[in-house]
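>>> Requesting a structural model of the entry that follows:
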Amino acid sequence: MTPLVPSSDNAGSLYSSHHGWLHNWLWRKLGCRDGAADLAHDTFMRVLDGGAVPPLREPRAYLSTIANGLLVNHWRRLTLERAYLDALAVQDEALAPSPEERALVLEALMQVDALLDKLPAKVREAFLLSQIDGLTYAVIAVQLRVSERMVKKYMAQAMLQCLLIGNGHA
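As a prediction, this is how the structure comes out:
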């Protein structure tokens, strides 16, 4: 049985004991030393933001769980950015947004993506079917095997979350 890391083992000790390992672990996942350094830093910032470091049986499992979540978010951001840039590539150059506008749109896309990720699966699916595919609530209800009234509830929930993001409360 692995002993507990003492509760007096603070984030600084966790950092000094495991930063090198975490950086290498992330480097193998990303194939990029700079990106690995950034994500390792972000991982330890999450640890610090969480307050006191709890006693840990498996500190590397704890760190890799946090880092893996950040890694998934990183890949999601890259996918969104690539899709946005691909859409811009087929657009008329005269209509192309400025670099500042592109950054704002990408930030908004990241917020919407984070919002969608937090929604229950059926709420998210109903929202996307309505907003992206343009389906009516009746068609969505059939597709999701729920009542049209339930689709309206799903949409209200999704729209509330959108409004909260728009007002900076999400």
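
>>> same for the top helix by length along the chain, what does it pack against?
In the chain, assigned by DSSP state H, the helix with the most residues is helix 59-89. On a contact count with 3 or more CB pairs under 8 Å, 6 or more residues apart in numbering; DSSP states H and E, helix 59-89 meets helix 11-30, helix 33-49, helix 99-118. Quick note: C-beta positions are derived from backbone N, CA and C, even for glycine.

>>> low-confidence ranges in this protein?
1-10, 166-170 (pLDDT under 70).

>>> So which residue is smack in the middle of it?
Of all residues in the chain, the one closest to the mean position by CA atoms, centre = their mean is N73, 3.9 Å from it.

>>> Could you report the separation of that one from A87?
Distance, N73 to A87, by CB to CB, to the nearest Å: 21 Å.

>>> Can you give the domain ranges for this protein?
Recorded structural domains for the chain (assignment: automatic domain parsing) are 11-84, 119-166.

>>> burial count for V53?
20 (other CB atoms under 10 Å).

>>> And for it, nearest residue in space, chain neighbours not counted?
In this structure, V53 finds its nearest non-sequential neighbour in A11, 5.1 Å apart by CB to CB, 6 or more residues apart in numbering.

>>> Now do the same contact list for the one you found.
44, 47-48, 53 (CB atoms under 8 Å, 6 or more residues apart in numbering).

>>> Dump those residues to a markdown table, plus distance to L116.
Listed next are these as a markdown table, based on distance: CB to CB, whole Å:
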| residue | distance to L116 |
| --- | --- |
| F44 | 28 |
| V47 | 27 |
| L48 | 28 |
| V53 | 32 |
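
>>> From those residues, keep the buried residues only.
For the contacts of A11, a neighbour count by 16 or more other CB atoms under 10 Å gives the buried set as 44, 47, 53.
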